[in-house]
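Student: Sequence plus predicted model, see below.
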Number of protein chains: 2
Amino acid sequence: MKPMTFELTILGTSSALPTKEHYPTAHVLNVHERLFLIDCGEGAQIQMLHAGLSIGRLDAVFISHLHGDHVFGLFGLLSTMSMMKRQKELPIYAPAQLEDVLRDHLRHFGADMAFQPVVHPVDTGTPALIYTNLGMTVYSIPLKHRVPATGFLFREKPPWRNVCKQLVATHQLTVSDIRHLKNGNDVTLPDGQVLLCDKATYLSYMPRSYAYCSDTMFSETVIEQVRGVDLLYHETTFLSDKSEVAQRTMHSTAADAATVACRAGVKRLLIGHFSSRYGNKESFLQEALPVFPHTQIAEELQRIEI
Amino acid sequence: MKPMTFELTILGTSSALPTKEHYPTAHVLNVHERLFLIDCGEGAQIQMLHAGLSIGRLDAVFISHLHGDHVFGLFGLLSTMSMMKRQKELPIYAPAQLEDVLRDHLRHFGADMAFQPVVHPVDTGTPALIYTNLGMTVYSIPLKHRVPATGFLFREKPPWRNVCKQLVATHQLTVSDIRHLKNGNDVTLPDGQVLLCDKATYLSYMPRSYAYCSDTMFSETVIEQVRGVDLLYHETTFLSDKSEVAQRTMHSTAADAATVACRAGVKRLLIGHFSSRYGNKESFLQEALPVFPHTQIAEELQRIEI
């Protein structure tokens, strides 16, 4: 069975100052053909058009923190959704401050809104399950930044289990037996023998995971929480030449991000949120690779199958 | 003498819904190498980068009305200016409502602002002189839209006058005489004869003018105010097939804009703010041209010498 879609699209890779080529931060995660927007820098809606991602298909928005380069695109996006006649409530998972921001925004610009954006405040101090649907769960990841900030850990739910074909024949399993096993239950056969679900079935593919950590300085808590994920996005605003600035502004260097990836044993590391002072993104890769070889650079409109 | 710069750059031509190719409304007017931003839809700062226009050189911002597609780019722009260490106050001429919007915005996002943006409220009911500097004056133009809205009329001040060379020789004019004449004064010669400034001097070039009218429905008041300008930008959200929608939403058709241009005797008409429902901008031109032949279509990143 071909795994269902679990795909990331990068909309912007710059830090606070956009450049001609680089938009501020925004990612879209496609989980089983449902779209989730993660942060929403200015121009995110225009980048979604370029990426061929339908704004109408957004199920929820996740905002990491209330700095402009992660949220100023939200206002235009909400306006566009309203003009596209969205009626369904839009849940937005974000630090509690977004409630005030959005209340003020809607007082000024929300007169004709066709739908309701609803903020679900995320506690930025304690990891928690914040969202679940049929295919996925999302946990918050406390980050260390100048303002309350949260990362997000997207975990696909395990797919349906397949029953080993040989057992079906050997034990002449009924449709009901098979359904029970697929649902994760053990089955007692007519001869009293118990077929353990774990032995009799297998996952058609391994459930996948994506962790998003921006903005943050190096954090031991993050390492614990992102352990073993398939893809970790970690901000790298600076190179180590600016590690003092990174400390002061509570950002990470490429080496910091690679260290997190290495110690957490993640499969792949994706880096972004590059300061515009560095002309060349390759230098971020050069700094990260010796620490963690499975590192790649985020690029605008890049799609990454997870 | 070569005229000093008086040049318009178009940053966005779409109406409320941006498309892959079209950004929401924003124009930059360069008057004698000072830059003025007129409306600021989402992505205006990114388009300024593409146009090679320095954000640091902006002298003032003019906002026509408080609909998102004309103002949502302001938040990112202010943030960028602050990060670029602007210190000089930024005057923003806009309907009074922007004061509330900006106050709320700065409460949420203005903690580290390096400079002060200052709103100068524009009375949207009565034309008035709202700005003046060494080279230009700006007048407000009351518009007819669903919310308080103002257009802007930018008028270059007359350049220095040149004294007719022949007169200098004939009357053996002194340096002081010439300075008097250049400053617009008459001069009495030793023989009692009076040299009238109007006769003895000429303008090195005619002062230029640009009128910006968006968003608005057809308005007789606008016609009176933009009479004879060198370039009129007038919104054309719709074609005449949607004239009922245009009326209801208080927008203009291409025919409306062309009629304003024709009756006001302007030199050139520039149309924009196209609804995304029309795939082809040429149809706007086809509707306008029979009414006013000197019509052209606004295009992203187009530069127009006025």
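Tutor: Looks like it arrived, so ask away. Numbers count the residues shown, from 1 in each chain, chains lettered A, B, ... in the order given.
Student: From here on, just use CA atoms for contacts and neighbour counts.
Tutor: OK.
Student: right, and residue A:181 touches residue A:163 too?
Tutor: Yes: using Cα atoms under 8 Å, residue A:181 is in contact with residue A:163, at 7.0 Å.
Student: got any residues that touch both of the two?
Tutor: A:200, A:201 (Cα atoms under 8 Å, 6 or more residues apart in numbering or on different chains).
Student: Show me the domain layout of chain A.
Tutor: A:6-159+A:204-305, A:161-202 (automatic domain parsing).
Student: Of those domains, which shows the lowest average pLDDT?
Tutor: Mean pLDDT per stretch puts domain A:161-202 lowest among these, at a mean of 91.
Student: Could you find the residue in the stretch 51-200 of chain A that comes nearest to chain B?
Tutor: Using Cα to the nearest Cα, the closest approach of the stretch 51-200 of chain A to chain B is made by residue A:80 at 6.1 Å.
Student: Now for that residue: which residues touch it?
Tutor: B:16, B:17.
Student: so is it in a helix, a strand, or just coil?
Tutor: Following DSSP: H, G, I helix; E, B strand; the rest coil, we place residue A:80 in the helix state.
Student: Using CSV, write out the CA atom coordinates for stretch A:208-224.
Tutor: Output of stretch A:208-224 as CSV, limited to C-alpha atoms (Å, rounded to 0.1, in the frame of the first residue of the first chain):
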residue,chain,number,x,y,z
ARG,A,208,5.8,9.7,9.9
SER,A,209,6.6,12.7,11.9
TYR,A,210,7.7,16.3,11.4
ALA,A,211,8.9,18.7,14.1
TYR,A,212,9.0,22.5,13.5
CYS,A,213,11.2,24.5,15.8
SER,A,214,11.4,28.3,15.1
ASP,A,215,12.3,30.7,16.6
THR,A,216,14.5,29.3,19.4
MET,A,217,17.9,29.2,20.8
PHE,A,218,19.6,25.8,21.6
SER,A,219,17.4,23.9,24.0
GLU,A,220,17.8,20.6,25.8
THR,A,221,14.0,20.3,26.1
VAL,A,222,13.7,20.4,22.3
ILE,A,223,16.1,17.6,22.0
GLU,A,224,14.0,15.4,24.3
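Student: Outside of it itself, list whatever touches it.
Tutor: By Cα under 8 Å, 6+ apart, stretch A:208-224 touches A:6, A:64-65, A:141-145, A:149-156, A:226, A:229-235, A:246-247, A:250-252, A:256-257, A:260-261, A:263-264, A:273, A:306.
Student: Please repeat the previous calculation with a cut-off of 7 Å.
Tutor: A:64, A:141, A:143-145, A:151-156, A:226, A:229-235, A:247, A:250-252, A:256, A:260, A:263-264, A:306 (Cα atoms under 7 Å, 6 or more residues apart in numbering or on different chains).
Student: in a strand, that's where residue A:285 is, yeah?
Tutor: No: read with three-state DSSP, residue A:285 is helix and lies in no strand.
Student: if I look at it, how far off is residue A:301?
Tutor: 19 Å (Cα to Cα, to the nearest Å).
Student: quick one: which of these two has more around it?
Tutor: The residue with more neighbours, out of residue A:285 and residue A:301, is residue A:285; 21 against 18, by other Cα atoms under 10 Å in any protein chain shown.
Student: ok, now which ones touch the more buried one?
Tutor: Here residue A:285 is in contact with A:296, A:297 (criterion: Cα under 7 Å, 6+ apart).
Student: How about residue A:111?
Tutor: Per Cα under 7 Å, 6+ apart, neighbours of residue A:111: none.
Student: before we move on, which element is it in?
Tutor: Following DSSP states H and E, one finds residue A:111 outside all helices and strands.
Student: near chain B, which residues of chain A show up?
Tutor: A:17, A:19-20, A:42-43, A:46, A:49-50, A:68, A:72, A:75-76, A:80, A:101, A:104, A:108 (Cα under 7 Å from any Cα of the partner chain).
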